[in-house]
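Undergrad: just a sequence and a predicted model for now, questions to come.
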Amino acid sequence: MHDLDEQQWRELLQRLRRFAVWLTREPGSADDLVQATVERALTRRSQQREGEALRAWLFTILYRLFLDSKRRERLHARWLSWFSRADAADEPVGDNTEDIILAQADLQAFAQLSTEQRALLLLISIEGLSYKEAATALNIPIGTVMSRLSRARAALRELTEGAPQPPALRRLK
């Protein structure tokens, strides 16, 4: 990838790990993040611009991967709370009416997706299956999983963030 000797690579990896530990606050998660960073850099080394410093590029990749994982965690937690609410309709869901209305709107948007899209989102985002495991479970090629999942996420994002509005609250006097 670059003309760095073994010692320079070790120092660079230590710096990446230190940064990752500060971000994640968990050594195990930091190690996973550094590994994902190196993997991403190796598979996308052609994307590095000429003259761009390797160290800065790797830190950029690491930080973006961290932000992506946080977004996925928030979405995953939100979905789990929605589905647990839908499963336990008898139980009180809380006293924040706005959150309840938004969750209902998001569930309605999710229900509008095609069966294939809902299945992929549930298997990968809720159940935590890998793309390969989801492909095996649905008996489709892994490339199909990735393209359908991308379209499903885009469709859900459009339904939840686009023009559709959550249902209006009715005022009771």
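TA: Cool, the structure landed.

Undergrad: just the buried positions in the helix or strand containing Glu158, please.
TA: Secondary structure assignment for Glu158, by DSSP states H and E: helix 142-161. Buried residues in helix 142-161, counted by 16 or more other Cβ atoms under 10 Å: 145, 148-149, 152-153, 155-156, 159. Placement of C-beta: from N, CA and C, glycine included.

Undergrad: please apply the same query to stretch 8-19.
TA: Buried residues in stretch 8-19, counted by 16+ other Cβ under 10 Å: 12, 16-17, 19.

Undergrad: list the contacts of it.
TA: 4, 30-31, 34, 37-38, 54-55, 58-59, 62-63 (Cβ atoms under 8 Å, 6 or more residues apart in numbering).

Undergrad: stretch 61-71 now?
TA: By Cβ under 8 Å, 6+ apart, stretch 61-71 touches 16, 19-20, 23-24, 33-34, 36-37, 40-41.

Undergrad: which pair in the residues you listed has the greatest spatial separation?
TA: Using Cβ to Cβ, the contacts of stretch 61-71 reach their maximum pairwise distance at Thr24 and Ala41, which is 18.4 Å.

Undergrad: how about the contacts of stretch 61-71 in a markdown table, adding distance to Ile100?
TA: Compiled in a markdown table, the contacts of stretch 61-71 are given as follows (distance: Cβ to Cβ, whole Å):
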| residue | distance to Ile100 |
| --- | --- |
| Leu16 | 42 |
| Phe19 | 39 |
| Ala20 | 37 |
| Leu23 | 33 |
| Thr24 | 32 |
| Leu33 | 34 |
| Val34 | 40 |
| Ala36 | 36 |
| Thr37 | 39 |
| Arg40 | 38 |
| Ala41 | 43 |
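
Undergrad: thinking again about what came up before, between the buried residues of helix 142-161, which is nearest Leu122?
TA: Ala152 (10.0 Å).

Undergrad: once you drop chain neighbours, what's closest to that closest one?
TA: Distance criterion Cβ to Cβ, 6 or more residues apart in numbering; nearest residue to Ala152, sequence neighbours excluded, is Gln117 at 3.5 Å.
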